[in-house]
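J.: Sharing a sequence plus its predicted fold:
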Amino acid sequence: MSNEDLEKRRIARLRDFAIAQARARFDADYPDFVPEDIVASICAYEEEGNIGDVLKKMPGTVAGRPYTTFVVVDGGTDQTAEIARSFPGVKVFEFPVNLGHGVALQVTYRYCVEHGVKYVVTLDADGQNDPQEISNLLAPLIADQADFVVASRVLGEDKTTDVVRKTGVHFFSFVMNRMTGANLTDTSTGYRALRVTMLADVVDRLTQEQYQTAELLITSLKRGWRASEVPTVWYPRASGTTKKGKNWLFGFRYARVVFGTWWRER
C-alpha cells in the first residue's frame, strides 16, 4: 500500500472516530429520542451570529405536520452549539472538529435512513433561506410528484448582489441539465427537500466533504430519481462571511465536483 493510500486511510479513520464521538454524545443527550417523519436539518460552522435568528423563524409545523429540527454543528470554536441547544426541541449533533459540510449532511442522511424518517429538508444556517418556505418544498414530495425538490432563486427572487455568483448559478444549471437531461433553473442551492428512500439509495455513493449539492443532485438524477423545483426568496447572508472562499476558487472546486461526479455516474 502506498503512502498516499495509508494517509487516506488514516484520515478516514480519524473522521469516523470524530463522528462516533459526536454520535455517542447525541445518544447520551437524547436517550429516548425518536425523530418525526420530517426532519429539518441545519448544518452550521461558526454561525453564532445567525443560528439563533434562523431557529426563531422555524415554523411550528410544516405541511400541517410535526417535524424535528436538527442542527449539525461542524466543529468550530464559537457558541453555535450552545445557542442551538438553548432552543427547546432542537436536537444538536456536534462534531468535535471541523469535518466539512458534506460530511455533516451525510451524517444527517444516514441518521434519517436508520430511523425511518420519510422526508429531510436541508437549509443554511446563515439566514439566506426563509424557513417559512419549508412546507412549499415538501409539497411535491408529499404529493408523490418528486423525490428531490430544489428551492430555485431563479424562479423566485435573489436579493443578493454578487453578479459573479448569480452568473455561476445559470452556468452550472445549464451544464448539469445537459449532463443529466433535467430541466432545472437552480442546481447549486443547498435549500432542498429530499425523500429518504432516495437517500438510502445514494448516500453510500457520496464522497464530497464540501460542495455536495452537485454530487447529490447528479447522482440522484443519474439513478432515476425525480427532481423538481419551487420558487424561493434568497436573502443576503445575515452576518459574517461565507465559508466557500473567493468566487474563482469556489467556481473551480464546484466545477471539479460537477465533472467528477458526472464521470463517475455516467
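T.: Received it, and whenever you're ready, just let me know what you need. Numbers count the residues shown, from 1 in each chain.

J.: So, low pLDDT: which residues of the stretch 151-266 of the chain?
T.: 243-245 (pLDDT under 70).

J.: just the helices in the stretch 151-266 of the chain please.
T.: Per DSSP state H, counting those that start in this stretch, the stretch 151-266 of the chain carries helices over the ranges 163-180, 196-202, 212-222, 247-265.

J.: which of those helices sits most buried?
T.: helix 212-222 (a mean of 24; mean count of other Cβ atoms under 10 Å). No exception for glycine: its C-beta is placed from N, CA and C like everyone else's.

J.: and that one, what does it pack onto?
T.: helix 101-114, strand 148-158, helix 163-180, helix 196-202, strand 227-234, helix 247-265 (3 or more Cβ pairs under 8 Å, 6 or more residues apart in numbering; DSSP states H and E).

J.: Let me know which of these is the nearest to residue 55.
T.: With respect to residue 55, and counting by Cβ to Cβ, the nearest of these is helix 101-114 at 16.2 Å.

J.: one step back: now render the helices and strands packed on helix 212-222 as CSV, adding distance to residue 6.
T.: CSV is the format used below for the helices and strands packed on helix 212-222 (distance: least, Cβ to Cβ, whole Å):
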stretch, distance to residue 6
helix 101-114, 21
strand 148-158, 37
helix 163-180, 34
helix 196-202, 29
strand 227-234, 39
helix 247-265, 23
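
J.: among the ones you listed, which is nearest residue 15?
T.: Using Cβ to Cβ, the helices and strands packed on helix 212-222 put helix 101-114 closest to residue 15, at 6.7 Å.

J.: one step back: same list, the helices of the stretch 151-266 of the chain, but as a markdown table with distance to residue 99 please.
T.: Below are the helices of the stretch 151-266 of the chain laid out as a markdown table (distance: least, Cβ to Cβ, whole Å):
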| stretch | distance to residue 99 |
| --- | --- |
| helix 163-180 | 25 |
| helix 196-202 | 19 |
| helix 212-222 | 12 |
| helix 247-265 | 17 |
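
J.: Tell me, how many residues neighbour residue 114?
T.: Residues contacting residue 114 under the criterion other Cβ atoms under 10 Å number 11.

J.: Quick check: the gap between it and residue 230.
T.: 28 Å (Cβ to Cβ, to the nearest Å).

J.: who wins for proximity to residue 72 among the helices of the stretch 151-266 of the chain?
T.: helix 212-222 (12.8 Å).

J.: CA atoms only for that closest one, dumped as PDB, please.
T.: These are the backbone C-alpha positions of helix 212-222, laid out as PDB (Å, rounded to 0.1, in the frame of the first residue of the first chain):
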ATOM      1  CA  GLN A 212     -22.000  18.200  -2.100                       C
ATOM      2  CA  THR A 213     -25.000  19.800  -3.700                       C
ATOM      3  CA  ALA A 214     -23.800  18.900  -7.200                       C
ATOM      4  CA  GLU A 215     -22.800  15.400  -6.200                       C
ATOM      5  CA  LEU A 216     -26.100  14.600  -4.600                       C
ATOM      6  CA  LEU A 217     -28.200  16.000  -7.500                       C
ATOM      7  CA  ILE A 218     -26.200  14.400 -10.300                       C
ATOM      8  CA  THR A 219     -26.100  11.100  -8.500                       C
ATOM      9  CA  SER A 220     -29.800  11.100  -7.800                       C
ATOM     10  CA  LEU A 221     -30.800  12.100 -11.300                       C
ATOM     11  CA  LYS A 222     -28.500   9.500 -12.900                       C
END
